[in-house]
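In: sequence? don't have it. structure:
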């Protein structure tokens, strides 16, 4: 799952957690129903926040419906925001647009020598880019409001900027402009014209933060592969990038207080607290949220002895590295969830890295045809 926002459970009560899951699952199921199973991999938590942002500007609550059981909900059903909701429609279009932009950028970086050459990766990205772009343009009403073609045009020129001697502001401009368009569209579709300019400015800053955080996360991998990274390209230290992020988050907070909103409890937790958490968890030795502390380097192997806080009823060591990246989880998760093993045997949930019991047994295994109907990691 993509996105820099990961709402912390310490900031969400039961009601807000259910609301967040309703938007998240609504986006995931909208992608599945309208664009095919594979597009669910483009589910983006930042896009989910946009659905929440649109909902906070409307007096009426989003329409919801009961969804089927899902392995990542412990095979429980749940109320989800319907695909016809304007927030979910915008989130769906935004997720596909950003995924298409990433695919096109992958192809362009390969051609420009900005990334390590990989013929297979380039071919796959080229194929996916066209399909994702078509999906992003499918909801013509939302696509026109969002300006999908304009966003993709700006993102497609990123490699040109990266091959020139550009400063950090210029390198992050395309991401900032894309996010500004998405935020402004939330005001347009909500009928909240008074919020449009403020949201565009907030989105611009959000896009810069997202670009900088991704650059920090990718820095070690980019150095190993010889790929372009805006921090190294501009001589920017991680500490300086994080300081810039904190400045931008402060600006977003100031503008947020001028918005005309209705029930903004979830939005405040997801956007404002989520941004603060996203920056703080990448800051060495700065604790946030319930006393957790982050370190400059995370372990890449399991200790020889079971850690004190590792559950005693889980197998040790797990058959995977700690702190895995998303791409390292996907195939193994699909193998467990989509083959039915999750329904019938003790197993590792490769999305949450938790050891799980079978989700059904001989007495409760009715209607297990939706074992692949997964949409979040909340359990």
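Out: Arrived safely, thanks for sending. Worth saying up front: this structure is predicted, and the values here are computed from it rather than measured.

In: low-confidence regions, this protein specifically.
Out: Counting by pLDDT under 70, the chain shows low-confidence ranges at 1-2, 9-10, 71-74, 285-301, 323-331, 333-344, 351-352, 358-379.

In: how near is the most centrally placed residue in it to residue 111?
Out: In the chain, the residue lying closest to the centroid (C-alpha atoms, centre = their mean) is residue 3, at 2.3 Å. Residue 3 sits 27 Å away from residue 111, going by C-beta to C-beta, to the nearest Å. Bear in mind the C-beta positions are built from the backbone N, C-alpha and C, glycine included.

In: and the residue nearest to the centre of the chain, how close does it get to residue 228?
Out: Distance of residue 3 to residue 228, computed by C-beta to C-beta: 22 Å.

In: check residue 279 too.
Out: 23 Å.

In: neighbour count for the two, which is higher?
Out: residue 279 (24 against 20; other C-beta atoms under 10 Å).

In: ok so the more buried one is a helix residue?
Out: Yes: counting by DSSP: H, G, I helix; E, B strand; the rest coil, residue 279 is found in a helix.

In: hang on, it packs against residue 209?
Out: Yes: contact criterion C-beta atoms under 8 Å: residue 279 and residue 209 qualify, at 7.5 Å.

In: what is in contact with these two at once?
Out: Common neighbours of residue 279 and residue 209, using C-beta atoms under 8 Å, 6 or more residues apart in numbering, are 245, 249.

In: once you drop chain neighbours, what's closest to residue 214?
Out: Of all residues not flanking residue 214 in the chain, residue 4 sits nearest, at 7.3 Å (C-beta to C-beta, 6 or more residues apart in numbering).

In: torsion angles phi and psi at that neighbour?
Out: Here is the backbone geometry of residue 4 (degrees, to the nearest 10): phi -90, psi -20.

In: residues touching it, list them.
Out: 45, 46, 209, 210, 213, 214, 274, 275, 278.

In: can I get the buried part of these as one ChimeraX selection?
Out: Buried residues among the contacts of residue 4 (16 or more other C-beta atoms under 10 Å), as a ChimeraX selection:
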select :45,46,209,210,213,214,274,275,278
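
In: ok, which pair from the contacts of residue 4 is furthest apart?
Out: Using C-beta to C-beta, these span at most 15.2 Å, a distance reached by 214 and 274.

In: for residue 80, helix, strand, or coil?
Out: strand.

In: that one touches residue 70, doesn't it?
Out: No: counting by C-beta under 8 Å, residue 80 sits too far from residue 70 to count as a contact (9.8 Å).

In: elements contacting whatever helix or strand residue 243 lives in?
Out: Secondary structure assigned from DSSP states H and E places residue 243 in helix 238-256. Under the contact criterion of 3 or more C-beta pairs under 8 Å, 6 or more residues apart in numbering; DSSP states H and E, helix 238-256 touches helix 196-225, helix 274-280.

In: got the angle between it and helix 196-225?
Out: 160 degrees (axes from the mean of the first three to the mean of the last three C-alpha atoms, to 10 degrees).

In: now do the helices in the stretch 1-150 of the chain.
Out: 14-35, 45-56, 86-112, 119-138, 140-146, 148-156 (DSSP state H, counting those that start in this stretch).

In: from the ones you listed, which stretch is densest packed?
Out: helix 45-56 (a mean of 27; mean count of other C-beta atoms under 10 Å).

In: my guess is residue 57 contacts residue 193, does it?
Out: No: the criterion here is C-beta under 8 Å, and residue 57 misses it with residue 193 at 10.3 Å.

In: okay, those two: which has more neighbours?
Out: Using other C-beta under 10 Å, the more surrounded residue of residue 57 and residue 193 is residue 57, with 22 against 10.

In: which residues are in contact with the residue lying closest to that one once chain neighbours are set aside?
Out: Closest residue to residue 57 apart from its sequence neighbours, by C-beta to C-beta, 6+ apart: residue 190 at 3.8 Å. By C-beta under 8 Å, 6+ apart, residue 190 lies in contact with 54, 57, 58, 86.

In: again with residue 88
Out: By C-beta under 8 Å, 6+ apart, the neighbours of residue 88 are 23, 26, 27, 30, 51, 62, 81, 82.

In: ok so, going back, mind checking how far the nearest residue to the residue nearest to the centre of the chain once chain neighbours are set aside is from residue 114?
Out: Counting by C-beta to C-beta, 6+ apart, residue 45 is the residue found nearest to residue 3 once chain neighbours are left out, at 3.3 Å. Counting by C-beta to C-beta, the gap from residue 45 to residue 114 is 27 Å.

In: repeat that for residue 92.
Out: Note on residue 92: its distance to residue 114, by C-beta to C-beta, is 30 Å.

In: give me the common contacts of residue 57 and residue 193.
Out: Common neighbours of residue 57 and residue 193 (C-beta under 8 Å, 6+ apart) are residue 187.

In: show residues contacting the helix holding residue 243.
Out: Under C-beta under 8 Å, 6+ apart, the answer for helix 238-256 is 168, 198, 201-202, 205-206, 208-209, 212-213, 215-216, 219, 231, 268, 271-272, 275-276, 279, 282-283.
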